[in-house]
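Colleague: The following block contains a protein sequence and its predicted model.
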Amino acid sequence: MQIVFDHVDYVYSGGTSFEKHALRDINFKIDKGEFVGLIGHTGSGKSTLIQHMNGLIKATGGKIYYNGEDIYEKNYDMRSLRSKVGLVFQYPEHQLFETTVYKDVNFGPKNLGLDKLEADLRTYEALKMVGIGEELLDASPFELSGGQKRRVAIAGILAMRPEVLILDEPTAGLDPKGRDDILDQIAKLHKESKLTIILVTHSMEDVANYVDRILVMNNGALVMDQDPRNVFARYKELEEIHLAAPQVTYVMNALREKGFPVNTEVTTVTEAKNEIIKRLKI
Amino acid sequence: MIRDITIGQYYPVDSVLHRLDPRVKLNATLLFIISIFLYETFYGYIAVTIFLASIIMLSKVPLKFILKGLKAIIIILLFTSIFNLFLSKGDILFHIGFLKVTKQGLHSALFMGIRLTFLILGSSLMTFTTTPNQLTDGLERLLWPLRRIKVPVHEIAMMMSIALRFIPILLEETDKIMKAQMARGADFESGGVIKRAKGLVPLLVPLFVSAFRRANDLAMAMEARCYRGGEGRTKMKPLHYGRRDMIAYIILLVYFAGVIAIGIYEKYLPYFNFKL
């Protein structure tokens, strides 16, 4: 078990009128190599939760373990944790600051205290992983397109060679093509580099095709922790917390209600297509 | 860490003070500041203290929260007091090394400390109980007559409200970028002055870029809604004085007259050897 949350609580500005209970008694375990979707409505505590994973926010109650070690232990090396658990914030392109793409991606590995050769190697590797060509190495990151900027920012995290990659709404504000590109690239990383990936989003459509487990949050609490099939089957409950199952779930359920005996457990459009064709041929 | 600065913040509770017209609060703050600096008498300060304490109680803002605001200026406070203590001329009380403490120095150090504390407490109470928008609305109305001498009152008020509105946004943004860079192994805390200053580049560049982007977006949004300055502009919620505000003005005048009266007639009050 790579990441363990044990009764984690977090309260903002305790003791004043701004007090807010952002996380309530969160418990879960994530294994090495898992691809997890973290879903919740705006303000449900997703972003707060993931910032606990690399120690940027300290829980006000409970314990967090990384590879079996308590990260709140006195002598725990927070900086090494941050290099192992890579966190890509929402709109990561807003953190770009260097004069060239190359230098910006190089920032992370340089902070790790690696020698120049190793840092360079990781920089090239990370840029290649996200599909940024060599012709852009010396361009200013501010001249790139939105999608390119975002990929450079993600490369900035990948260049530290993290074991876990957390992405907060990596597709926000991108067009459908940019969205698919990013998600495909992340899926590729998961498959090829065996990274543990946690994908934060409020769109089920985003995760349905990729993840093998979904954590659903509502109002600071973890309300579901199942595979996509079982989560989508509870689409009525999802609606109560202002979320929705993917559209195919609704299509399949509607077909079934009309007396067309399809399996409602399919999660992606391709699966749904095959299922319908299969039934039509009977 | 940045969130610890409470000075100048709005504290959302419902109290009489929160409901007062902002103009009353602006005038009251001005009068209060004048009243602090008017006299240096013991009885006068008792009156000021009682007034301030009752206002704090009326505001329903927790005392702990108010005092937290003082933390930010404690350095200035100590600095002023120490300078006053050691650098005033007069009757020497005792020596510490080459420094000498005089009666007058002790006296002015004490008074300066109290005055500055009261000044900060009084003016931060205004911001605790008034939203930035109300504040600039009030200021705009109070300064309205200055338009006659070509002061762009509306524009100044608009700039102020935008600036005030952007403070929490930029603070939040700073917090976010700081965290994002920390996630990339940036270190904002250790190292010498030069290393730390260099370490701020990854924070400041994105912050400036985002400030300009936001300013641009805002200007665009304002133009899209046909904003063209204050000429002929009306308000959705114009300011009106109510009964509550009149009562507040009366209390304020009684207080001010009281402080002046104490200042003038202090010599008739029981003698208290405060002037050392």
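Modeller: Thanks, I have the structure now. The structure displayed is predicted, hence computed values, not measured ones.
Colleague: Next, find the distance separating whichever residue of the stretch 101-250 of chain A sits closest to chain B from residue B:219.
Modeller: Proximity of the stretch 101-250 of chain A to chain B (CB to the nearest CB) peaks at residue A:111, 3.1 Å away. For glycine as for every other residue, the C-beta is placed from the backbone atoms N, C-alpha and C. Using CB to CB, to the nearest Å, residue A:111 is found at 36 Å from residue B:219.
Colleague: what's the neighbour count on residue A:2?
Modeller: For residue A:2, the neighbour count with other CB atoms under 10 Å in any protein chain shown is 18.
Colleague: residues from chain A in reach of chain B?
Modeller: Chain A comes close to chain B at residues A:13, A:15-17, A:51, A:54, A:56, A:79, A:82-83, A:86-87, A:89, A:92, A:94-97, A:107-108, A:111-112, A:142, A:156-157, A:160, as judged by CB under 8 Å from any CB of the partner chain.
Colleague: Which pLDDT value belongs to the nearest residue to the residue of the stretch 101-250 of chain A closest to chain B once chain neighbours are set aside?
Modeller: Distances taken as CB to CB, 6 or more residues apart in numbering or on different chains put residue B:185 closest to residue A:111, at 3.1 Å, once the chain neighbours are dropped. Note for residue B:185: predicted pLDDT of 87.
Colleague: looking at the chain, which helix or strand is least sure?
Modeller: Picked chain A for this. The weakest-scoring helix or strand in chain A, judged by mean pLDDT, DSSP states H and E, is helix A:204-208 (a mean of 81).
Colleague: not what I meant, chain B
Modeller: Min over SSEs of chain B, mean pLDDT, DSSP H and E: strand B:92-96 (a mean of 75).
Colleague: Strand partners (parallel or antiparallel) of that one?
Modeller: Here strand B:92-96 is paired, per DSSP bridges, with strand B:99-102 (antiparallel).
Colleague: tell me the mean pLDDT for whichever helix or strand comes after the partner strand?
Modeller: Using DSSP states H and E, the next helix or strand after strand B:99-102 towards the C-terminus is helix B:103-129. In this model, helix B:103-129 has a mean pLDDT of 86.
Colleague: what's near enough to touch the residue in the stretch 51-200 of chain B that chain A sits nearest to?
Modeller: Across the stretch 51-200 of chain B, no residue is closer to chain A than residue B:185, which sits at 3.1 Å (CB to the nearest CB). Contact partners of residue B:185, counting by CB atoms under 8 Å, 6 or more residues apart in numbering or on different chains, are A:79, A:82, A:83, A:107, A:108, A:111, A:112, A:160.
Colleague: do residue B:35 as well
Modeller: Residue B:35 neighbours (CB under 8 Å, 6+ apart): B:48, B:255, B:256, B:259.
Colleague: Pick out whichever of residue A:111 and residue B:219 has more residues nearby.
Modeller: Legend: neighbour count by other CB under 10 Å for residue A:111 and residue B:219, higher for residue A:111 (21 against 12).
Colleague: Name the SS class of residue A:170, please.
Modeller: Here residue A:170 is recorded as coil under DSSP: H, G, I helix; E, B strand; the rest coil.
Colleague: my read: residue A:202 touches residue A:38, true?
Modeller: No. In this structure, residue A:202 is not within contact of residue A:38 by CB atoms under 8 Å, at 9.8 Å.
Colleague: about what we covered before: can you name the element that comes right after the least confident helix or strand of chain A?
Modeller: For helix A:204-208, the following helix or strand on the C-terminal side (DSSP H and E) is strand A:213-218.
Colleague: check which helix or strand covers residue 180.
Modeller: In the absence of a named chain, this looks at chain A. Secondary structure assignment for residue A:180, by DSSP H and E: helix A:176-193.
Colleague: nope, chain B please
Modeller: Residue B:180 belongs to helix B:153-183 when assigned by DSSP H and E.
Colleague: which of the residues in stretch A:214-221 are buried?
Modeller: Buried residues in stretch A:214-221, counted by 16 or more other CB atoms under 10 Å in any protein chain shown: A:214, A:215, A:216, A:217, A:218, A:220.
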